[in-house]
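Chemist: Next come a sequence and a model predicted from it.
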Amino acid sequence: MPMKTVLSIPGHEHPHPREVSLDEIRLTLGDCRLCPLWETRTNIVFGVGNPYARVVLVGEAPGANEDAQGIPFVGRAGALLDRVLEDCAGLHRSDVYIANVLKCRPPNNRDPKPDEVEVCSPYLREQIRSIWPDIIMTLGNPATHFILRTDLGITRLRGMVHKTGHFAVLPTFHPAAVLRDTHKLAELETDFRLLGQLVRGEVPLPAEQSVLNTQEE
Ligand code: URA
């Protein structure tokens, strides 16, 4: 099936920050059939949280629990995410906004395909433009690669605050990866503590744009 990148919100062809509401973006997404994932999904998982959040968390794609409920991060990885948000950053799920690069579950939780990212990611981009947070925390490689436009691995990028355009970007491990390898838990907690410090202004947001080498050495 040919796939094309389409996101056109009538009257908002070149939306400014916070000009288009999340509800309008959700309406535009409708019963999306831009890629074949619609055939196997139960629910579109649009996103959840505070439309005025200073922090947007970006995951990869819905899993089985998220597909069943239509809400991001409601399985075991979500429980860990809620725990580190609260214990390490001092934030509640309702303080932030949570969305994924893909809005539909890839079968068997396989990695997103580049053409799926291409057609789906305009919705995430518009969600971010609508909320216009100060900080984007990316969870795992696909989210980090999409937001920072780099191929560098998460292990190289995490633990640092990057800046792209208006946004401070804080990459960290995906909570599901931490559940698979608990050695990563301490680093996940460190990254969420840094998130809390950024939100409280104890660590300044970066002023300089990040320059990232897009080639792995
Ligand atoms: N993993 C993700 O990347 N997103 C979810 O919503 C759930 C699990």
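Modeler: Nice, thanks for sending it over. Everything numeric here is computed off the predicted structure, so don't read it as measured data.
Chemist: any idea whether V169 is helix, strand or coil?
Modeler: Put simply, V169 is strand when judged by DSSP: H, G, I helix; E, B strand; the rest coil.
Chemist: Could you report the pLDDT at it?
Modeler: At V169 the predicted local distance difference test score is 98.
Chemist: cool, and Q215?
Modeler: Per-residue confidence (pLDDT) for Q215: 48.
Chemist: What's the end-to-end length of stretch 162-173?
Modeler: Counting by C-alpha to C-alpha, to the nearest Å, the length from the leading to the trailing residue of stretch 162-173 is 15 Å.
Chemist: what sits up against it?
Modeler: For stretch 162-173, the external contacting residues (C-beta atoms under 8 Å, 6 or more residues apart in numbering) are 17, 128, 132-140, 143-144, 147-149, 154, 157-161, 184, 187-188, 191-192, 194-195, 198, 205-210, 212. For the C-beta atoms, the positions are set from N, CA and C on the backbone; glycine is no exception.
Chemist: List the ones among those residues that fall in helices.
Modeler: 128, 143-144, 147-148, 154, 157, 187-188, 191-192, 194-195, 198 (DSSP state H).
Chemist: Now a PyMOL select for only the buried ones of those residues.
Modeler: One line in PyMOL is enough to select the buried members of the ones in helices among the contacts of stretch 162-173, burial here meaning 16 or more other C-beta atoms under 10 Å:
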select buried, resi 128+143+144+147+148+154+157+187+188+191+192+194+195+198
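Chemist: Share the number of residues neighbouring the residue in the chain that the ligand sits nearest to, please.
Modeler: With distances taken as C-beta to the nearest ligand atom, the chain approaches the ligand most closely at G59, which sits 2.9 Å away. Residue crowding around G59 was assessed by other C-beta atoms under 10 Å; the count is 28.
Chemist: That one and R200, how far apart?
Modeler: Taking C-beta to C-beta, to the nearest Å as the measure, G59 and R200 are separated by 24 Å.
Chemist: so who does the spatially most central residue of the chain touch?
Modeler: The geometric centre of the chain, computed from its C-alpha atoms, lies nearest to V58 (C-alpha atoms, centre = their mean), at 1.2 Å. The contact partners of V58, taken as C-beta under 8 Å, 6+ apart, are A99, N100, V101, L124, I136, M137, T138, L139, A143, F146, I147.
Chemist: any idea which helix or strand carries it?
Modeler: With secondary structure defined by DSSP states H and E, V58 is part of strand 55-59.
Chemist: Give the next helix or strand downstream of that strand.
Modeler: Past strand 55-59, heading to the C-terminal end, the next element that is a helix or strand (DSSP H and E) is helix 64-69.
Chemist: Identify each buried residue in that following helix, please.
Modeler: Within helix 64-69, the residues scored as buried using 16+ other C-beta under 10 Å are N65, E66, D67.
Chemist: Which neighbouring elements make contact with the next helix or strand after that helix?
Modeler: Per DSSP H and E, helix 64-69 leads on to helix 76-84 as the next helix or strand towards the C-terminus. Other helices and strands packing on helix 76-84, by 3 or more C-beta pairs under 8 Å, 6 or more residues apart in numbering; DSSP states H and E, are helix 175-180, helix 185-199.
Chemist: quick one, the longest one and strand 55-59 angle?
Modeler: In other words, helix 185-199. Orientation check (axes from the mean of the first three to the mean of the last three C-alpha atoms, to 10 degrees): helix 185-199 against strand 55-59 gives 150 degrees.
Chemist: do helix 185-199 and the ligand meet?
Modeler: No: applying C-beta under 6 Å from any ligand atom, one finds that helix 185-199 is not in contact with the ligand, the shortest distance being 13.9 Å.
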